[in-house]
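> structural data only, the sequence is not supplied:
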DNA sequence: TAAAGAACTGACCGGTCGGTCAGGCGTATT
DNA sequence: AATACGCCTGACCGACCGGTCAGTTCTTTA
């Protein structure tokens, strides 16, 4: 379990100078195996076999198992970081921007399931020092951007000014990542019907994050039963599929 | 990585008939090692060494590595399930109950860090079938209870009736678990100051879940600058330490 | 076409893995 | 006193691990 240490992921979001097609093929199957079975349970022999090459050849392209693993992580970070940034929408209210981010982020998580699992695992298992590197070199940009969006919302008066923008940003990521993580369990609760409908989930979650769960008006508004109170939820057709 | 299968965790929250002191000692050190280094990276030799017994002795008490691991998981589930239930408060508003739950739940997660990590890992890596068993046999009770609390809040008119109670319950768990998971990364963002103050985090998160992040009144309220709008936040002294 | 170097291979290494086995020791029943 | 059984041990097993190496084939360049 070689979690990030001294000089590892620093190549994140840098081009890394193109490796040979054979090397790339190895990297691809390695990504699949690592994310499916974890680091320890993935043997170099298995990587070689899956790639259709000899084990010695794998070691020709990558100095060690750890280096292969780190390269996989780097690529995963580069990809998901890029995917995250491109989900940005310019126009609309800040709430719409955040909602679009939520949607796009979750869609990316699910579409690139294996790689996502890999990154999430890396976050969870990171030591305090490894966490520092992950924070600085992998997630800083995206998270900062998210915090900035929230700040804009506060500056424009759209959002409450008395809450910590980083907290909201964290809860947004949290919402998606934990949904992604717990889906296989969530799906089996009888009263949960959103586990297999990410778009519905993201819409409802955004609604909750925006409006809260308490009855809206401080003064009561009694005869409203269950009809949806026509909340200005998000446009909801910007969601990809 | 032996995730739950055919007949595994069914002993959760059942007494399991007491094993010999030697066996319990082995189980304890195994719990530590498994949660610290993961399944694959923990060898039976290491377990034996840490427990101060021979490897053959470990296999005398537990038929296989997998069985030892499952026993560790069972115990962890039994413990954390119990810890969760006892966090329940009777009196007060539903919001206060949920707030207390959040606080107690996070405190338990952090206090029993290793075991928590183990369970979370199990959730994340669970296959669709393994997830079913986890859902039914480990988390059903606690999650159902949480959903019930939310439903009470809706029935009494304290909460909006147009939101899915399971969704709110899920977001509550999500908030805590992801905080727990990402702390080592979170701590290193310069604009995050709640990573090492779980109580503050839980208070702010509860506030956000209750009231949302949008400016409260639907009608504008222009000249209000930055002063906190005196929101009826949670009592905030019910939080343990 | 010769040379150089990258891509690739099978055979092999020391070490560790999960698991087994034959047997010693202590104690309680008969 | 014999027996039986739970607890425990060191020695050992085949399989597989990450990694190396000498050598062959392919590709590029001069």
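Perfect, I can see it now. From a predicted model like this one, the values you see are computed outputs, not experimental measurements.
> stretch A:38-45 vs DNA strand D: in contact?
Yes: Stretch A:38-45 is in contact with DNA strand D by C-beta under 7 Å from any atom of the strand, via A:42-45. C-beta here means a position set from N, CA and C on the backbone, and glycine is covered the same way.
> can you turn the buried part of those residues into a ChimeraX selection?
Entered in ChimeraX, the line below selects the buried ones among the residues of stretch A:38-45 next to DNA strand D, by 16 or more other C-beta atoms under 10 Å in any protein chain shown:
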select /A:42,44
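> among the residues of stretch A:38-45 next to DNA strand D, which lie within helices?
Taking DSSP state H as the definition of helices, these contribute A:44-45.
> between the residues of stretch A:38-45 next to DNA strand D, which is nearest DNA strand C?
Set against DNA strand C, the nearest of the residues of stretch A:38-45 next to DNA strand D by C-beta to the nearest atom of the strand is residue A:45 (8.5 Å).
> show me the contacts for that closest one.
By C-beta atoms under 8 Å, 6 or more residues apart in numbering or on different chains, the residues touching residue A:45 are residue A:55.
> measure it to residue B:22 for me?
Distance, residue A:45 to residue B:22, by C-beta to C-beta, to the nearest Å: 37 Å.
> get me the contact residues on chain A for DNA strand C.
A:20, A:22-23, A:52-57, A:60-61.
> and the residues you listed near DNA strand D, which?
Among the residues of chain A next to DNA strand C, the ones lying near DNA strand D by C-beta under 7 Å from any atom of the strand are A:55-56.
> just the residues of chain A next to DNA strand C now: which is nearest chain B?
Closest approach to chain B among the residues of chain A next to DNA strand C (C-beta to the nearest C-beta): residue A:55, at 19.3 Å.
> please, which helix or strand holds the nearest residue to that closest one once chain neighbours are set aside?
With C-beta to C-beta, 6 or more residues apart in numbering or on different chains as the criterion, residue A:55 has its nearest non-adjacent residue at 4.2 Å, and that residue is residue A:48. According to DSSP states H and E, residue A:48 maps onto helix A:44-51.
> what's the first helix or strand after that helix?
Using DSSP H and E, the helix or strand that follows helix A:44-51 towards the C-terminus is helix A:55-61.
> returning to what we had before: can you pick out the most distant pair from the residues of chain A next to DNA strand C?
Farthest pair in those (C-beta to C-beta) is A:20 and A:55. Separation: 17.3 Å.
> so for the two, which sits in the more crowded spot?
Neighbour count, other C-beta atoms under 10 Å in any protein chain shown: between residue A:20 and residue A:55, residue A:55 has more, with 15 against 9.
> what pLDDT does that one get?
With respect to pLDDT, residue A:55 scores 96.
> measure it to residue A:21 for me?
When distance is defined by C-beta to C-beta, residue A:55 is 19 Å away from residue A:21.
> do residue A:167 as well
Computed as C-beta to C-beta, the residue A:167 to residue A:21 distance reads 45 Å.
> got the residues of chain A near DNA strand D?
Residues of chain A lying near DNA strand D by C-beta under 7 Å from any atom of the strand: A:42-46, A:55-56, A:59, A:63-66.
> show me the shaky parts of chain A.
Flagging of chain A using pLDDT under 70 yields the residue ranges A:1-18, A:80, A:83-84, A:87, A:216-241.
> run the last query once more with 80
The model of chain A has pLDDT under 80 over residues A:1-22, A:77-91, A:137-138, A:216-241.
> dump the residue contacts of residue A:208.
For residue A:208, the contact set (C-beta under 8 Å, 6+ apart) comprises B:163, B:167-168, B:171, B:209, B:212.
> show me where chain A has its helices.
Counting by DSSP H, the segments of chain A that form helices are A:21-37, A:44-51, A:55-61, A:65-85, A:94-111, A:113-125, A:128-134, A:140-155, A:165-186, A:198-211.
> give me the buried stretch members for the first one, please.
When burial is assessed from 16+ other C-beta under 10 Å, helix A:21-37 yields the following buried residues: A:23, A:25-27, A:29-35.
> and the residue nearest to residue A:183 when sequence neighbours are not counted, how many residues sit next to it?
Nearest residue to residue A:183 in three dimensions, chain neighbours excluded: residue A:195, at 5.6 Å (C-beta to C-beta, 6+ apart). Applying other C-beta under 10 Å, we find 20 residues neighbouring residue A:195.
> my read is that residue A:195 contacts residue A:180, right?
No: contact between residue A:195 and residue A:180 fails when scored by C-beta atoms under 8 Å: they sit 11.0 Å apart.
> in CSV, list the residues of chain A next to DNA strand D along with distance to residue B:79.
Formatted as CSV, the residues of chain A next to DNA strand D follow (distance: C-beta to C-beta, whole Å):
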residue, distance to residue B:79
A:42, 31
A:43, 34
A:44, 38
A:45, 39
A:46, 36
A:55, 43
A:56, 48
A:59, 44
A:63, 43
A:64, 39
A:65, 35
A:66, 35
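> which of these sits closest to residue A:187?
Distances from residue A:187 to the residues of chain A next to DNA strand D, taken by C-beta to C-beta, are shortest for residue A:42, at 26.5 Å.
> next one: the closest one from residue B:179, what distance?
Residue A:42 is 30 Å from residue B:179, by C-beta to C-beta.
> now do residue A:137
Residue A:137 is 22 Å from residue B:179, by C-beta to C-beta.
> now do residue A:122
17 Å.
> what's near enough to touch residue A:113?
Counting by C-beta under 8 Å, 6+ apart, residue A:113 has contacts residue A:180.
> mind doing that once more with 10 Å?
Contact analysis of residue A:113 by C-beta atoms under 10 Å, 6 or more residues apart in numbering or on different chains lists A:35-36, A:180, A:183.
> not counting residues beside it along the chain, what's closest to residue A:180?
residue A:109 (4.6 Å).
> neighbours around the one you found, how many?
If you count neighbours by other C-beta under 10 Å, residue A:109 ends up with 23.
> now residue A:214
Close neighbours of residue A:214, defined as other C-beta under 10 Å, add up to 19.
> that one reaches residue B:209, doesn't it?
Yes: with contact defined as C-beta atoms under 10 Å, residue A:214 counts as touching residue B:209 (9.1 Å).
> can you redo the contacts of residue A:113 as a markdown table with distance to residue B:159?
Converted to a markdown table, the contacts of residue A:113 look like this (distance: C-beta to C-beta, whole Å):
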| residue | distance to residue B:159 |
| --- | --- |
| A:35 | 39 |
| A:36 | 40 |
| A:180 | 26 |
| A:183 | 25 |
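> so which of those residues is the closest to DNA strand D?
residue A:36 (14.1 Å).
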